[in-house]
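# Predicted model and sequence follow; I will ask about them next.
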Amino acid sequence: MDLLGTLLRGLVIGFSIAAPVGPIGVLCIRRTLADGRYAGFLSGLGAASADALYGCVAAFGLTSISGFLVDQQLLLRLVGGAFLLYLGFRIFREQPDEREAAIISGTSYGGLARAYSSTFLLTITNPLTILSFAAIFAGLGLVESAGYVLATVLVLGVFSGSALWWLLLSGGVSLFSSRLGLGTLRWVNRASGTIIFGFGVAALLSLLRGL
């Protein structure tokens, strides 16, 4: 298997896993509209980093780590669901007249670090992503004979594909951010907060069904 082909396959896998709109997508869109393009992209990049980390566990066959994380999935998903509830509630209550301060804060080092770390945490609390990567890699025959070099290239492709999606999403959404008035932003906050809160409720309810 050649390096370029492995990189391209990883890129397609990373892009495909990132593209479906879930709580991270909603959060990225909302932060782009309210806090600016950099905050939106860094939010997506946090998710891309978590995807790459889980892809690394699957590609290198780190079964002890993946087994431990899957065993702890109830606790991790509980943390993730609770965090979604917190984010949804906070976004719902945020006032759009704070937008200028939010943009200034969102483009500072601390603001960008918070945007990145929050989505990294949300994504890493879903250890079943490891199983998804393992199934995809095995199904496409990407890891049977892959050495460390090919596995590294594969993970790099996954990260690049995921990051490309978030770059396109935040860049596209940012084209509309300057046209939004305070009234529209208020509804953006309420709608995105409600959706994210709903994802949190769904995540916690799924835990109850699994008990």
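Yep, it's here. Residues are numbered from 1 along each chain as shown.
# Within the helices and strands, which one has Ala202?
Per DSSP states H and E: Ala202 is located in helix 182-210.
# actually Val26, not the one I typed
Going by DSSP H and E, Val26 is part of helix 23-35.
# That helix: which residues count as buried?
Within helix 23-35, the residues scored as buried using 16 or more other CB atoms under 10 Å are 23-35. For glycine as for every other residue, the C-beta is placed from the backbone atoms N, C-alpha and C.
# Nearest to the spatial middle of the protein, which residue is it?
Nearest to the mean C-alpha position of the chain, by CA atoms, centre = their mean, lies Ala47 at 2.9 Å.
# Can you verify my assumption that that one contacts Ala18?
Yes: under the criterion of CB atoms under 8 Å, Ala47 makes contact with Ala18 at 6.8 Å.
# Need the residues touching each of these two.
Taking CB atoms under 8 Å, 6 or more residues apart in numbering as the contact rule, the neighbours common to Ala47 and Ala18 are Ser162, Trp166.
# give me phi/psi at Pro20?
Here is the backbone geometry of Pro20 (degrees, to the nearest 10): phi -60, psi 130.
# So for Ser66, what's the pLDDT?
Ser66 carries a pLDDT value of 59.
# cool, and the one 4 residues further on?
Val70 carries a pLDDT score of 63 in this model.
# low pLDDT regions in this structure?
1, 61-72, 95-110, 127-128, 131, 138-147, 178-182, 210-211 (pLDDT under 70).
# For it, which segments count as helices?
3-18, 23-35, 37-59, 63-71, 73-93, 99-106, 109-124, 128-139, 148-177, 182-210 (DSSP state H).
# Give me the packing partners of the second one, helices and strands only.
In this case it means helix 23-35. Packing partners of helix 23-35 (3 or more CB pairs under 8 Å, 6 or more residues apart in numbering; DSSP states H and E): helix 37-59, helix 73-93, helix 99-106, helix 109-124, helix 148-177, helix 182-210.
# winner for burial among those?
Greatest average neighbour count among the helices and strands packed on helix 23-35 goes to helix 37-59 (a mean of 25), per mean count of other CB atoms under 10 Å.
# Can you name every helix or strand that that one contacts?
helix 3-18, helix 23-35, helix 63-71, helix 99-106, helix 109-124, helix 128-139, helix 148-177.
# Go through those helices and name the closest to Leu85.
Nearest to Leu85, of all the helices and strands packed on helix 37-59, is helix 23-35, at 10.8 Å by CB to CB.
# what separates that closest one from the chain centre, distance-wise?
Computed by CA atoms, centre = their mean, to the nearest Å, the chain-centroid distance of helix 23-35 equals 11 Å.
# go on, stretch 193-211?
Worked out by CA atoms, centre = their mean, stretch 193-211 lies 17 Å from the chain centre.
# any residues touching that stretch, and which ones?
Contacts for stretch 193-211 (CB under 8 Å, 6+ apart): 22-23, 26-27, 74, 77-78, 80-94.
# repeat for stretch 155-162
With CB under 8 Å, 6+ apart, stretch 155-162 has contacts from 6-18, 44, 47-49, 51-52, 55-56, 59, 133.
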